[in-house]
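Engineer: Below are the sequence and a predicted model; questions follow.
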Number of protein chains: 2
Amino acid sequence: MKCTCSIVAAAALLLNAVSAQTFRRLGACPTLGCVFPPDQADFLAGQYFDIRLEVHQPVNGSEAIGLPLDEKFTFTIGKKGAASKPVTEYFKLQEPKLEKWNFTWFEDLFARDAKKPSLVNVASKAYRRVAIYEPGEYTATLTYNNGSSTEATWTIRDLAEERKAKNIILFIGDGMTTNMITAARLIGHKSINGKYQSLLAMDKFPVLGHQMTHSIDSFITDSANSAAALNTGHKSTVNCLNVYADSSINPFDDPKVETIAEIFHRLTGGHIGIVSTAYIADATPAALVAHTRNRGAYEAIVDQLLNGVQNYTWTDVPIDVIFGGGAEQFYPPSLGGKTYQNKNYYDEFAKQKYQIIQNRTSLLSAKNSEKALGIFTVSNMAKWLDRNVYRQNLNQSLSPAGDKKPALDQPGLKEMTLKAIDILQERSGDKGYFLLSEAASIDKMMHVLDYDRALGELLELDDTIKATIAHLNSTNCLKETLILVTADHGHGFDVMGSVDTHYLAAQNVDRKKRDAVGTYEQSGLSQYINTGNLTYTDSNFPSNWSPRYTLFQGLMADPDRREDWSVHKDGPRLPAVAANGTKDNYANPRDGSGKGILLNGTLPVGDDQGVHSLTDVPVFAMGPCQELFGGVYNSIDIFYNMAECFGLGRGTPPKQ
Amino acid sequence: MKCTCSIVAAAALLLNAVSAQTFRRLGACPTLGCVFPPDQADFLAGQYFDIRLEVHQPVNGSEAIGLPLDEKFTFTIGKKGAASKPVTEYFKLQEPKLEKWNFTWFEDLFARDAKKPSLVNVASKAYRRVAIYEPGEYTATLTYNNGSSTEATWTIRDLAEERKAKNIILFIGDGMTTNMITAARLIGHKSINGKYQSLLAMDKFPVLGHQMTHSIDSFITDSANSAAALNTGHKSTVNCLNVYADSSINPFDDPKVETIAEIFHRLTGGHIGIVSTAYIADATPAALVAHTRNRGAYEAIVDQLLNGVQNYTWTDVPIDVIFGGGAEQFYPPSLGGKTYQNKNYYDEFAKQKYQIIQNRTSLLSAKNSEKALGIFTVSNMAKWLDRNVYRQNLNQSLSPAGDKKPALDQPGLKEMTLKAIDILQERSGDKGYFLLSEAASIDKMMHVLDYDRALGELLELDDTIKATIAHLNSTNCLKETLILVTADHGHGFDVMGSVDTHYLAAQNVDRKKRDAVGTYEQSGLSQYINTGNLTYTDSNFPSNWSPRYTLFQGLMADPDRREDWSVHKDGPRLPAVAANGTKDNYANPRDGSGKGILLNGTLPVGDDQGVHSLTDVPVFAMGPCQELFGGVYNSIDIFYNMAECFGLGRGTPPKQ
């Protein structure tokens, strides 16, 4: 924010600067006058968005300045160099009613421990579904508290309106970093004297970029607001799906921003597909069309996938394909589900002419001419390692029907993605499509320090990409399709050598077990692919997940845990557990072989799993507009580049 | 190796496959017949190399097969599809004399603990300084043990001979990963609402690639053999500089490979410069021209920089500029130095008309017309943080003269690099130059977990790149100069959030201290640049290295240590120390504030610092041939791309 502050407000700002980086009152609003979208926001020309204004009156705490709550604030917009107009005049809107609420926050950890929150009164207005068409820089000015003001510079990007790609397929390896890709290549591909005899599909992409994943108000992101950045060109706050976070209590009234899927469908009639190995209401798949500050509002999100945003006029998008997990948000409470308004969402989707698919067999025989909802399990889908190697772990009560049977017949990411392409291809005709395909459990398995399963998911993603390219090539669609592979954030993971698991298991003392670690020349070569014939038909997966010499690998932000660097054959890892009735997590004594080295964590003891990291993540591009994705850039630029490739900028309003 | 083995040898191979990944008998030779360069080696057409053959007779251990040592082995070479010739005929060489030796190794950690080595007798021959000119695939075949054979496929790459760049400047951030670059950007550059207001120089490079850093015989590399891969196009073994590792005891008789600097000078008369913040005999600067299996042979390496390879006919390269640390390999033993043949290497360089420079002041006023040796300190050069912020740490007896005074007047990487460019520019005239500029202490400070100093070094590298581009632009040399920025390997580093150092220091219990860690939305924004005016003239460095909220950052392979995530104001960190007379390292009680969280390491307790990691590292390219460096490739491809850009391939032998 560029601020022109009264003396009193400036003093508050100074205080803020000194004690900054406390728990923030409201992320993207360091001053007492808040404008959303905030300063430095970029927009696609013609993109719909909401405006939220808030004036804050801190009642206590370091920011209290003794002024009454200002309910008479004003807001103007103008192109730089031209006169500003009141917002209602600029957008030809009615003045909305004033809203008022209050909220509390803790200024830092000491205040939290002392249970001394700061109270803030708020006066607010919201302007819904507006758009700016003419490219250029604009100044939006909130004036409040007798002359204080908050100025936001908004940039409407000038992009070509010509369409260059018919289709875009966006692959997201959730939490996937370059470090993980390197490790997956090591275990999945054979090398002789330092030369790989085969490579990952990603390795062969012609263009490589790095994107910066940070949030608008914190340098570590979650998957909601990072996916929103990729989908809307607007960074936001942790837990936000395609909205800026306001301070109101309602998680559905926050100011919305239109997504690439919404704009693409609105302007071109293009078709949309969503594939994920997560439960389908999870942040990344939901981010194509959901709008809420609370990514955890799963039931409402599933309804939004079918019926669009509730209670507000917004861009409506019929989604052709939805494949993933999360059956508990579909079958009704009578079967143990938890659904929006207690409905049966299989029925709701069926009413709107979706094929309802609940296993791999049905998926493969589904019609390409009809919309399809495929929900294959309760919760997240089974991992590649469990579907292919340790199949006994599928024996859990996770049937998508809600009948407590096992979900044994689950498809993989490849089968879901290829079927989605077939349906989108047939249904979209000349209009083209936008498909998201997410390998969600790279992230989920890194969270629980289950490196083997995470790398298995990454190899499955790569195998899916390879099959997608071959499939598009066989149908002559490759040249008209932009394929992107990227991530939404990282985990601090790397491989530092090898571990002689036999030697480790034979030692009785932790400090001696550490001698099992081999670094540098003693790391040797990968044993994952060198010990016998491959068991799986596709050669991109290791044949042996428990060689004697495993990878010395790990994360940098951990709970307490026991490490034996061996595959977890009994299902996804549970590294730390809390004492009964507490949130005080210790290493899970039943984790792994029981012979692992006991390691204390660095994360707060309330955490039982790892967290995301800062690192820029890679972007691989192939197809029309690939050249836009080289070098280093902000995550939001992926949205603008995709929009450019689809030709979605609109310098003038649509004719009425 | 592709092997056609006798039945007996095949059985040994099988055994080997089962127990593989033990300590290896000889890295790039899993069979009993060894060919160096080994199978899968690539070559620049016309590049000089040595050939080493070894036949092994294991006396005991799992590989002993009861055959006598074969001293009558034969070796042939032929282009694929053509007849093979005996090596002496192919290269028109005399048959060298047979060499014999033996060596011992441990098959695994159990054997090491039991002190049961395996003994191997060796018969060997070496063929020195040969070259193959005609591009294509060749088969080199060693026949031994009554019909066993080891076949190596060698590829002579077909590169254009046309020169496209006049100069190449290769910046190496030693140990620098994408993760570190992201962290350095965070503390060095200001962001408003998620949009950086300035970027790293690296961020602005038009082309981005990833290179794979693994060794020939282990997946984790050190800086010697990774630098050699970049310089020769041949991967090798840990500790090797531009040689393949044979099993002989002499570290100077291993088979050599010609470097880019050597080829460039030999073919074009181009000039060479070396700049590093390490001691100048360290692996990365030495790798331009040194040839030895033992990177630790510092004294001989310094002599090689001046006089070329000892005892063998090889490509001789006068080096115009050598700037760095490591005075103890220059001043004589009478002053406490340790030099080759006890000489004074300041004198030796002066005799060959080098300007001898020992401080920043002399550096800046040095003549551009003369060769220059600048040695500015004993050991590694002072870190940016100590030269600019905590200057009291320079008060150590490190004067380059060997007079035990402090080395207070040390230049930075930027000043050394710009002066090197001026000298090379003036001296090389139309011939052009190749300059290596290494930020060595990114790696050295990551090794000792001193994240702040490491990021300071990275920002200094970036500042150097920025200044180099500006300088080349001002002299109209930018367009004819290829600028590359890359690393030689990684460290498993990332940032996962922030730490409230005040809160951490106020807690008495380790588990409570962990609450000071803020992840996701509680990571907040970087305080490194937001708290007041910048102290330094260049805005790319933080103004405040000890804000209240620091980075929650770290490595993944550590010794025991105490973490308080605060800057080490008293000089580079010493995380772990051994009990008297032992190699049993524990957390250094004097590390940091003494208030840090005690964390147990994962590395063998003999290690007192971190280790390298697997991750692919970034490559940034700008200038002629930049398009060659996009996407994902092997580290050796950087050599071939540079050679292509300089037009160094030679499809026919030089005329006599």
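Structural biologist: The structure has been received and is ready for your questions.
Engineer: can you list the domains in chain A?
Structural biologist: A:2-157, A:167-492+A:612-646, A:493-555+A:558-599 (automatic domain parsing).
Engineer: List just the one of the ones you listed that sits closest to B:Gly324.
Structural biologist: domain A:493-555+A:558-599 (23.6 Å; Cβ to Cβ). (Glycine included, C-beta is placed from N, CA and C.)
Engineer: what about that closest one, how long is it end to end?
Structural biologist: 16 Å (Cα to Cα, to the nearest Å).
Engineer: Quick check: which element contains A:Asp386?
Structural biologist: In the assignment (DSSP states H and E), A:Asp386 maps to helix A:384-388.
Engineer: helices and strands around the helix or strand where A:Glu644 lies, which ones?
Structural biologist: In this assignment (DSSP H and E), A:Glu644 forms part of helix A:636-646. Packing contacts for helix A:636-646, counted by 3 or more Cβ pairs under 8 Å, 6 or more residues apart in numbering or on different chains; DSSP states H and E, involve strand A:41-44, strand A:167-173, helix A:223-232, helix A:260-268, strand A:481-486.
Engineer: Out of those, which one sits most buried?
Structural biologist: Stretch with highest mean neighbour count among the helices and strands packed on helix A:636-646: helix A:223-232 (a mean of 30; mean count of other Cβ atoms under 10 Å in any protein chain shown).
Engineer: where does the stretch 501-650 of chain A have low pLDDT?
Structural biologist: By pLDDT under 70, the low-scoring segments of the stretch 501-650 of chain A are A:530-539.
Engineer: re earlier: and the following helix or strand past the helix holding A:Asp386, what's its mean pLDDT?
Structural biologist: Using DSSP H and E, the next helix or strand after helix A:384-388 towards the C-terminus is helix A:413-428. Mean pLDDT, computed over helix A:413-428, is 98.
Engineer: Which residue is the nearest non-sequential neighbour of A:Leu119?
Structural biologist: A:Val59 (4.1 Å; Cβ to Cβ, 6 or more residues apart in numbering or on different chains).
Engineer: A:Ile132: which of the helices and strands packed on helix A:636-646 is closest?
Structural biologist: Nearest to A:Ile132 among the helices and strands packed on helix A:636-646 is strand A:41-44 (6.3 Å), distances taken as Cβ to Cβ.
Engineer: who's in contact with the closest one?
Structural biologist: A:37, A:49, A:132, A:152, A:154-157, A:159, A:233-234, A:263, A:636, A:639-640, A:643, A:648-649, B:193, B:195 (Cβ atoms under 8 Å, 6 or more residues apart in numbering or on different chains).
Engineer: Report the strands that pair with it, each with its relative direction.
Structural biologist: strand A:148-157 (parallel) (DSSP bridges).
Engineer: Give me the residues contacting the partner strand.
Structural biologist: A:1-6, A:9, A:31-35, A:37-45, A:80, A:132-144, A:640, A:649.
Engineer: hey, C-alpha coordinates of that strand in PDB?
Structural biologist: Taking Å, rounded to 0.1, in the frame of the first residue of the first chain, the C-alpha atoms of strand A:148-157 are listed here in PDB:
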ATOM      1  CA  SER A 148      -6.000   9.600   5.800                       C
ATOM      2  CA  SER A 149      -6.000   7.600   2.600                       C
ATOM      3  CA  THR A 150      -4.900   4.300   1.200                       C
ATOM      4  CA  GLU A 151      -4.000   4.300  -2.400                       C
ATOM      5  CA  ALA A 152      -3.900   1.100  -4.400                       C
ATOM      6  CA  THR A 153      -2.300   0.900  -7.900                       C
ATOM      7  CA  TRP A 154      -4.100  -1.600 -10.100                       C
ATOM      8  CA  THR A 155      -2.600  -2.800 -13.400                       C
ATOM      9  CA  ILE A 156      -4.800  -4.000 -16.200                       C
ATOM     10  CA  ARG A 157      -2.500  -6.000 -18.300                       C
END
